[in-house]
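**Q** sequence and predicted structure below; questions after.
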Amino acid sequence: MTTITVAYGDGIGPEIMEATLRILKEAKADITVESIEVGEGVYNRGFLSGISQDSLHTIKRNKVFLKSPITTPQGGGYKSLNVNIRKAFGLYANVRPCKSFYPYVGTKHPNLNLTIIRENEEDVYAGVEYRQTRNLYQSLKIITRIGCERIIRFAFEYAKKNERKKVTCLSKDNIMKFTDGIFHKVFDEISANYPDIANEHYIVDIGAARIATVPEQFDVIVTSNLYGDIVSDIAAEAVGSVGLAGSANIGDEIAMFEAVHGSAPKMAGKDSANPSGLLNAAIMMLAHIGQEEIADKISSAWLKTLEDGVHTSDIYQKGLSKAKVGTNGFANAVIENLGAKPKQLVSEKYHSIGTITTSAVKKAQQEKKVLVGVDVFIDLLEDDVEKIAQRVESIADGELKLHLISRKGLKIWPSEDTFTPKVLGDHWRLRFMSREKGAPTSHDEVVYLINKIQKTGIDFIQVVNLYTFDSTQGFALAHGE
């Protein structure tokens, strides 16, 4: 007997959870349920994360969490419950199967059958954001080599366990050469250890376009957090309905399972919502806790219900569907089909997803790290970059000299044109390097420089040290540098 934590959520959440748990009970799933409250009511009691500490402890104790959609209040500094839970419990892998159920669910892609493996903790979803000037807002994209290794190895192990033939990596390393670059590089390194599984890489924009137009060409996709969030919904729409999709969030010890759609408050209490997304998440949960036979039994009954034409309004097709039912009517039909097999739709063989352990990155620890310069970001309302340069050069009298000035990543000083462009701005990057080209510098020199800048009254808002690693540059050049 496995105890699972359950959250009924907001909007249509309680209705689809009741329907799902009723199906699990009739299928003889060997579980007991411990309920917690999350979402709107908890937010409104002053918990900005949407969950109390007691509920977090319950999830940690039971290790398996089935969650309905929740409503996050607008404004007021409220944080995403999903992001908080993923980070609190290290749920680094988001697994989202996307499969067509043609002709019983309308789609232009009847042969679509892919799984998206999305990194779940890093990227801009780290939530490290700043307002640094009156004009500029910043979000920090955080990617680690260890995070890349873990999610990419997870994707290949998933493909191996589920007899998938190909893993596709999506990144934007033609632009973000460090963050997306390391993701692509690690993908190439790890794919070499799986010679029986084909691999390929796409820049994310063309990859997303092909998911929308020819998704049949993909099998397993692995990508970072933001891209994964976007392409998952593209794939779900290609299937024919976001309302059918469930997902798993997997960590080393704890896992969360949920529907991918929202709480749809306008539909609440009308017995009209499709419980399939949460039910499919629960099927993945049962496989995760070792109850694969029950998972297969429920999956077969669900597919048989689709074949029987018993459909909720979101997938109802005039002339093909035989009965339009609500949440409870759909659950009743699935229960009646328990033990039956679909005739046309193929039931997946469900396996425990499991976890992947990644050893420490020894290569990164052995690299020689050398400080070679510093970027100082300043808040200064000015339109003449030559005035900024003259002012800064007059005070930079130590080992570090002004190397360039850039705005929004573009080098605008020194200018190689016959004139220096005047651009009104309040956010400038001053890059300082050693006077002796290529020579290392020290933290003392950086502190000396910052003190000199501070005494002029210039507001320095961010200081970023520039390093080399085994003589390889650890910072991007400015455009035009």
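**A** Thanks, I have the structure now.
**Q** state the mean pLDDT of stretch 383-396.
**A** For stretch 383-396, mean pLDDT rounds to 91.
**Q** how about residues contacting that stretch?
**A** The contact list for stretch 383-396 (Cβ atoms under 8 Å, 6 or more residues apart in numbering) reads 380, 382, 401-402, 405, 412-415, 420-425, 428, 430, 432, 449, 452-453, 455-456, 458. The C-beta positions use only the backbone N, C-alpha and C, and glycine is treated the same way.
**Q** equivalent analysis for stretch 239-246, please.
**A** Here stretch 239-246 makes contact (Cβ under 8 Å, 6+ apart) with 96-102, 105-107, 109, 112, 232-233, 236, 257-261, 273-274, 276-284, 312, 314-315.
**Q** now, which of those lie within strands?
**A** Arg96, Pro97, Cys98, Lys99, Phe257, Glu258, Ala259 (DSSP state E).
**Q** what's the spacing between the fifth one and Ile85?
**A** Yep, that's Phe257 we're talking about. Between Phe257 and Ile85 the distance is 12 Å, computed by Cβ to Cβ, to the nearest Å.
**Q** need the residues touching each of these two.
**A** Phe65, Asn249.
**Q** just how off-centre is whatever helix or strand Ser247 lives in within its chain?
**A** Assessed by DSSP states H and E, Ser247 sits inside strand 246-250. Here the centre of strand 246-250 is set off from its chain's centre by 12 Å, with Cα atoms, centre = their mean, to the nearest Å.
**Q** so Ile378 touches Ile450, yeah?
**A** No: Ile378 is beyond contact range of Ile450, at 10.8 Å (criterion: Cβ atoms under 8 Å).
**Q** looking at those two, which is more packed in?
**A** Legend: neighbour count by other Cβ atoms under 10 Å for Ile378 and Ile450, higher for Ile378 (21 against 14).
**Q** so what pairs up with the more buried one in the strands?
**A** Counting by DSSP bridges, Ile378 is bridged to Trp428, Phe460.
**Q** distance of it relative to Val124?
**A** Counting by Cβ to Cβ, the gap from Ile378 to Val124 is 24 Å.
**Q** Three-state assignment for Cys148, please.
**A** helix (DSSP: H, G, I helix; E, B strand; the rest coil).
**Q** all helices of the stretch 101-250 of the chain, in order?
**A** 145-161, 179-191, 204-213, 225-239 (DSSP state H, counting those that start in this stretch).
**Q** on that earlier part again, mutual contacts of Ile378 and Ile450, please.
**A** With Cβ under 8 Å, 6+ apart, Ile378 and Ile450 have common neighbours Phe460.
**Q** pLDDT-wise, which helix or strand of the chain ranks last?
**A** helix 362-366 (a mean of 62; mean pLDDT, DSSP states H and E).
**Q** ok now stretch 32-41, how far from the chain's centre?
**A** With Cα atoms, centre = their mean, you get 24 Å for stretch 32-41.
**Q** so which bits of that stretch are buried?
**A** Within stretch 32-41, the residues that qualify as buried are Ile36, Glu37, Val38, Gly39, Glu40, counting by 16 or more other Cβ atoms under 10 Å.
**Q** where does the protein have low pLDDT?
**A** By pLDDT under 70, the low-scoring segments of the chain are 75-77, 351-365, 416-423.
**Q** residue nearest the centroid of it?
**A** In the chain, the residue lying closest to the centroid (Cα atoms, centre = their mean) is Asn225, at 2.5 Å.
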